[in-house]
Each structure stands twice: as structure tokens, then as C-alpha cells.
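Engineer: Structure here, sequence nowhere to be found:
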Ligand SMILES: [Zn+2]
């Protein structure tokens, strides 16, 4: 993947974000810190991520320190979260509500929620991420982006199903499930349905446990 190939699409995304008054942070390191407001006390450190779109502070961020083939699909993914925000996609808006449980804060042990709340936040989060990946797949098609559709679908399926493992072990990955070849290779080459990703097969759960947590 060469920068020239994706430049027109990146310009298109950036102008769209600016047109809608979103702030853009692009950093030349491997990770970018989530906006500081996500921390609610001094002991919390902002999470380091590959990219983010934050509806509350209207910020888009991407780390471009890794090879283009690593960060470009993430840029497309985060841009699709922005589109969800713009279209006022109900599940996305729900996650933004301050009184709605926060999956990341629970994962990091900063917050405790009832089983009922956890069930709901898990469902809504998976729905938002699934809808986002559906949009990415569509965007690859309409803008003829230089991303392998079948490989991307396998990686997206791995990412989406990972949420179930995160819920089970109350841990985020240290190794991205979508970078584990033995996992991706066994997954469908088209995007799985929302009901399929909510019930990962046993081999997937076992393999994630072995490969993705330190
Ligand atoms: Zn996402």
C-alpha cells in the first residue's frame, strides 16, 4: 500500500471532518492517547490506542507511526464512527450518554456494574462496532480502497468476536486478535452477522485466551 493510492481518500475524510468542525490529531508515533477527559481520577492513565473517534469531544485521532497497511484500515474504521455520530445512529448515541455504563472503564477496573448493565453495554458496544465494520466494508467497495476485502472481513470478524472474550476475562488484548493469523484464517471471508459475532465458537475463545492476553 502506497501513500499516493490512499491520499485522495484521506483528503476526503479530513475535509469532511473539518467541514463538520471535528478536531483532528495525527501523531507520528505508534500509539495515540485517548482524550484526557475519559479519565475520572488522577490514578487513571489515558488509554494508548491505534486511533479513536470521540463523539463527546468531537475529536478524531490516528497514530501513523506504523506501516500504512496497519493504520489506514483503522483510519477508515474511526472515520466510520464519525459517520455514525453524524447520522445520530441510536446505539452510538447511547454509548455516549454519561450515565450509560462504560465498557473500557469496567475492563480497566475503574468501575463496577451489575450483570444486567454489563449485558446491555456489551450488546450495544458490539452493535456499534459491527455497524462500523459494515460501513468500512461498504467504503472499501465504493471508494475502491486498496484493502483486501476478504482479509479485512476475517480481521473484522476476529475483532468483533473478541468483545465476548474481553467480557469473559475482563481484560483487553495485549496482542490484537486480528493480527493472529491462525485465528483470522479460520474465519469467514465476509462479515459475519451480528448474532454470529455475539456467540463466538469455542475454538475462538480458546485461541484468544492463548494468544491475545499476556
Ligand atoms: Zn470501533
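Structural biologist: Yep, that arrived. Computed from a predicted structure; not experimentally measured.

Engineer: list the contacts for residue 84?
Structural biologist: 92, 128, 131, 132, 135 (CB atoms under 8 Å, 6 or more residues apart in numbering). Where C-beta positions appear, they are placed from N, C-alpha and C, glycine not excepted.

Engineer: and which of these is nearest the ion?
Structural biologist: residue 132 (5.0 Å; CB to the ion).

Engineer: biggest helix in the chain by residues?
Structural biologist: helix 115-142 (DSSP state H).

Engineer: follow-up on the earlier one: among the contacts of residue 84, which ones lie close to the ion?
Structural biologist: By CB under 5 Å from the ion, the members of the contacts of residue 84 lying near the ion are residue 132.

Engineer: okay if I get the contacts of residue 84 as TSV plus neighbour count?
Structural biologist: Converted to TSV, those look like this (neighbours: other CB atoms under 10 Å):
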residue	neighbour count
92	22
128	20
131	18
132	24
135	19
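
Engineer: Could I get the average pLDDT for stretch 93-101?
Structural biologist: Mean per-residue pLDDT for stretch 93-101: 89.

Engineer: can you pull the buried residues of that stretch?
Structural biologist: Going by neighbour count (16 or more other CB atoms under 10 Å), the buried part of stretch 93-101 is 95, 101.

Engineer: What is the longest helix of the chain packed up against?
Structural biologist: helix 68-86, helix 90-96, helix 103-107, helix 149-169, helix 194-197 (3 or more CB pairs under 8 Å, 6 or more residues apart in numbering; DSSP states H and E).

Engineer: looking at those, which one has the lowest mean pLDDT?
Structural biologist: helix 103-107 - the lowest mean pLDDT of these, at a mean of 89.

Engineer: what about it and the ion, touching?
Structural biologist: No - figure legend: helix 103-107 not in contact with the ion (CB under 5 Å from the ion); closest approach 11.3 Å.
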